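# this is the structure alone, sequence omitted:
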């Protein structure tokens, strides 16, 4: 060696160049922070070191609770009311949780060899790797060299998963010295709390493998159609290779060649650390990728059993409106999709299946006419059924008329409010089923059930009509009865049973149609259409006589919930699709409906007695003549139950309805052309189909869980 040459500084991983030396001195304060943590990595971890190293005012080794038991994002599961039948999962990830003994040794060997060969020796931070990264990063003037152990990578995953704002997400993954030091501190402390096996298990259950697959269990299914236990060594190596960059090495939608190169690199690392022999390495590198791609179970709306799609769609929309789950709809959806909730819904699968059969028996799927029904439980607001003669789908395409390109009629609630009125469309005119609100308002005003009014075939009302309206007498609205034979004296029993229009128009005049509208609102009827809203507020309401006969658009959910108040002795409950949930952290939530005494007990019981007449079962406190839906009474009485309700038909037979109830269930059904509510009438041939469907549904309901009897009124009778 020349006498003028100077010795080159050495580390255990190589010489330090002059450039690196100058950079190290320039950034010595930052290096000290690294050094504190690295020094701790050499200490026995049983020692108390909680306050030894700090960055600024933060304790580096202070371990957040969520890092010990991390709330990694998990799909939420929606169950039927029985608490066991899964009807949907919600999640923007597909994941399968595994125990350590379910993870193949080849996956663990591949991961450790590629990502952290000293994993089983270090305490969460690899000192050699940190020093190498420190020198390289200082020399380069950036922090491109990570030196992240598996434990540190896991810490970063958890911090990212628990981030709730864009700022927190960026902070969890920012490439800075300060973040790296904190990450190392957390890793050191984490290994005090968790075993190596637990860390590996949590890491491999949460790391992203691309194509919607989170965790090795999901990845095995998505890429190879296998359970993890059946993975071969080369398949394990390919999956582990994806961790570094799932998009770069994606063999399904990207480059299979890049995936193979990366897989072979992993196999080489396994050979280098002794997990495989050289001969084994060559053997596994010679294998093709042998992919068997499967669709990830992670649609944007969750994995939904299509038999219950409309209900699930409604549930998701309902969840998005619950302010307790976040300030915005986006926050609430994120909580549902990532919170790991176990949610018990109100859906009765046995009754739902019976209802779907009843609907299909009346109007087959694919018909231009939609026949839909909703069942609500009185006193709770629980939605037990949402059935319609349509195939549920999120994909509306084809001819532009909402029937779907395949002609089967695909109708998610988000496209057309067939059942819940949850979009910009407002529903369907309910016809004479709205007469219930006039009767309730009259009873509440003190008019008894035997209030008798002479009712002609056509009546000139005091309500001013609009030019061009049907049934006009000069400037006044002049409604007619359905038949010229309906002339004479009627009371609430007979007028309701035969659905006499001119009786109820006169009854509304006596009580005031504004009070009728207020009664409907009290029972949850919403006015979604602009033209309805302008007629039902302020001074306009007093002159909106047509409201009595159901020209306002509504939905079967609104109608079922409104009628459910009657067997509940006047208690109206807002509809709810769920009863309870267990959170991802083990807490419990009860979803209680908002219930109010909308009408008095005696008013409700009197209305129920009159509502028995349309079904043909006869009133308890008065006399009926004939009923417009006697098939409903026959069906329910045949299985030992009691039933009441009301038909509804609009002008020109555009829509036809029936809303009925037993002592513990209320069902509303309609038929209409949903693409042309007024212009393509359902026709007389379709009249009666909703009543037929409800007859079957309520008979099935009574056989499944029917109970109770109607209580006869003692007041408001005479």
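Cool, the structure landed. Predicted, not measured: the structure shown is a model, and the values here were computed from it.
# wait, residue 116 sits on residue 154?
No - using CB atoms under 8 Å, residue 116 is not in contact with residue 154, being 10.4 Å away. All C-beta atoms are positioned from the backbone trio N, CA, C, and that covers glycine.
# these two: which is more packed in?
residue 154 (26 against 20; other CB atoms under 10 Å).
# roughly how far apart are residue 709 and residue 640?
To residue 640, residue 709 is 11 Å away according to CB to CB, to the nearest Å.
# then residue 261?
Applying CB to CB to residue 261 and residue 640 gives a distance of 72 Å.
# and what of residue 84?
28 Å.
# and what of residue 150?
65 Å.
# which one's more surrounded, the two?
Taking other CB under 10 Å, residue 150 and residue 640 do not tie; residue 150 has more neighbours (23 against 10).
# hmm, residue 119 and that one touching each other?
Yes - applying CB under 8 Å as the test, residue 150 and residue 119 come out as touching, 5.3 Å apart.
# in the protein, which residue is closest to the centre?
Geometric centre of the chain, nearest residue: residue 316, 2.6 Å, by CA atoms, centre = their mean.
# after the host helix or strand of it comes which helix or strand?
Following DSSP states H and E, one finds residue 316 within helix 309-320. Following helix 309-320 in sequence order, the next helix or strand is helix 329-338 (DSSP H and E).
# whichever helix or strand comes after that next one: how far from the chain's middle?
Sequence-wise, the next helix or strand downstream of helix 329-338 (DSSP H and E) is strand 342-345. Mean C-alpha position of strand 342-345 versus that of the full chain (CA atoms, centre = their mean, to the nearest Å) differs by 10 Å.
# touching stretch 526-533 from outside, list them.
417, 421, 425, 426, 427, 536, 552, 553, 554, 558 (CB atoms under 8 Å, 6 or more residues apart in numbering).
# okay, now the domains of this protein?
1-72+115-206, 208-301, 428-705 (automatic domain parsing).
# end to end, how far does the longest one reach?
In domain 428-705, first residue to last residue: 30 Å (CA to CA, to the nearest Å).
# now the one helix or strand residue 375 maps to against helix 309-320, angle please.
Using DSSP H and E, the element containing residue 375 is strand 370-376. Angle of strand 370-376 versus helix 309-320, following axes from the mean of the first three to the mean of the last three CA atoms, to 10 degrees, is 50 degrees.
# and after strand 370-376, which helix or strand comes next?
strand 383-388.
# partners of that following strand, with directions?
strand 370-376 (antiparallel) (DSSP bridges).
# what do residue 150 and residue 119 both touch?
112, 200.
# so which bits of stretch 661-676 are buried?
Going by neighbour count (16 or more other CB atoms under 10 Å), the buried part of stretch 661-676 is 661-674.
# from the chain's centroid, how far away is it?
For stretch 661-676 - counting by CA atoms, centre = their mean - the centre lies 23 Å from the chain centre.
# and what of stretch 264-278?
46 Å.
# list the contacts of it.
By CB under 8 Å, 6+ apart, the residues outside stretch 264-278 that reach it are 109-110, 112-114, 117, 233-234, 237-238, 240-241, 280-281, 284-285.
# swap in 6 Å and give it another go.
Residues from elsewhere that reach stretch 264-278 (CB atoms under 6 Å, 6 or more residues apart in numbering): 109, 110, 113, 114, 117, 237, 240, 241, 281, 284, 285.
# and of these, the nearest to residue 622?
Using CB to CB, residue 240 is the member of those that lies nearest residue 622, at 78.4 Å.
# surely the closest one is in a strand?
No - assessed with DSSP: H, G, I helix; E, B strand; the rest coil, residue 240 is helix; it does not lie in a strand.
# contacts only, for it.
Applying CB under 6 Å, 6+ apart, the residues near residue 240 are 110, 111, 114, 266.
# what's near enough to touch the closest residue to the last one other than its chain neighbours?
To tie it back to what came earlier, the one meant is residue 266. Counting by CB to CB, 6 or more residues apart in numbering, residue 237 is the residue found nearest to residue 266 once chain neighbours are left out, at 4.1 Å. Contacts were defined as CB under 6 Å, 6+ apart; by that measure residue 237 touches 110, 263, 266, 267.
# the same query, at a cut-off of 10 Å, please.
106-107, 109-111, 113-114, 231, 262-270, 276, 281, 284-285, 287 (CB atoms under 10 Å, 6 or more residues apart in numbering).
# what's it sitting at in phi/psi?
phi -60, psi -40 (degrees, to the nearest 10).
# quick check: it vs residue 375, distance?
According to CB to CB, residue 237 and residue 375 sit 54 Å apart.
# again with residue 198
Counting by CB to CB - residue 198 and residue 375 are separated by 47 Å.
# and if you look at residue 272?
65 Å.
# same check, this time on residue 242
From residue 242 to residue 375 the distance is 47 Å (CB to CB).
# before we move on, what about residue 311?
Taking CB to CB, one finds residue 311 at 11 Å from residue 375.
# what is in contact with these two at once?
346, 347, 352, 383, 384, 385, 386, 387.
# mind putting these in TSV, distance to residue 91, neighbour count and pLDDT included?
Below are the shared contacts of residue 311 and residue 375 laid out as TSV (distance: CB to CB, whole Å; neighbours: other CB atoms under 10 Å; pLDDT from 0 to 100):
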residue	distance to residue 91	neighbour count	pLDDT
346	22	24	98
347	19	28	97
352	23	23	97
383	23	28	97
384	26	30	98
385	26	32	97
386	22	30	95
387	26	30	94
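# from those residues, which two are the most distant?
Across the shared contacts of residue 311 and residue 375 (CB to CB), the longest gap, 14.1 Å, separates 346 and 387.
# what's the local residue count around residue 328?
Using other CB under 10 Å, residue 328 is surrounded by 10 other residues.
# check contacts around it.
320, 334.
# mind checking pLDDT for it?
At residue 328, the pLDDT value in this model is 74.
# please tell me how far it sits from residue 334.
9 Å.
# residues of stretch 102-111 that come out buried?
In stretch 102-111, counting by 16+ other CB under 10 Å, buried: 103, 104, 106, 107, 108, 109, 110, 111.
# number of nearby residues for the nearest residue to residue 473 once chain neighbours are set aside?
With sequence-adjacent residues excluded and distances taken as CB to CB, 6+ apart, residue 473 is closest to residue 460, at 4.7 Å. By other CB under 10 Å, the residues close to residue 460 number 16.
# ok, now residue 569?
Counted with other CB under 10 Å, residue 569 comes out at 18.
# with the one 5 residues further on instead?
Residue neighbour count, defined by other CB under 10 Å, stands at 12 for residue 574.
# and what of residue 638?
For residue 638, using other CB under 10 Å, the count is 11.
# sec struct for the residue nearest to it when sequence neighbours are not counted, please.
Nearest residue to residue 638, sequence neighbours excluded (CB to CB, 6+ apart): residue 699, at 6.8 Å. Here residue 699 is recorded as helix under three-state DSSP.
# ok, now residue 623?
Relying on three-state DSSP, one would call residue 623 coil.
# spit out the contact partners of it.
Residue 623 touches 450, 491, 493, 494, 497, 613, counting by CB under 10 Å, 6+ apart.
# follow-up on the earlier one: in strands only, show me the contacts of residue 240.
If you go by DSSP state E, these have nothing in strands.
# can you name the two of those residues that sit furthest apart?
Top of the distance list for the contacts of residue 240 (CB to CB): 111 and 266, 8.8 Å.
# spit out the residues that contact these two alike.
236, 237, 239, 240, 243.
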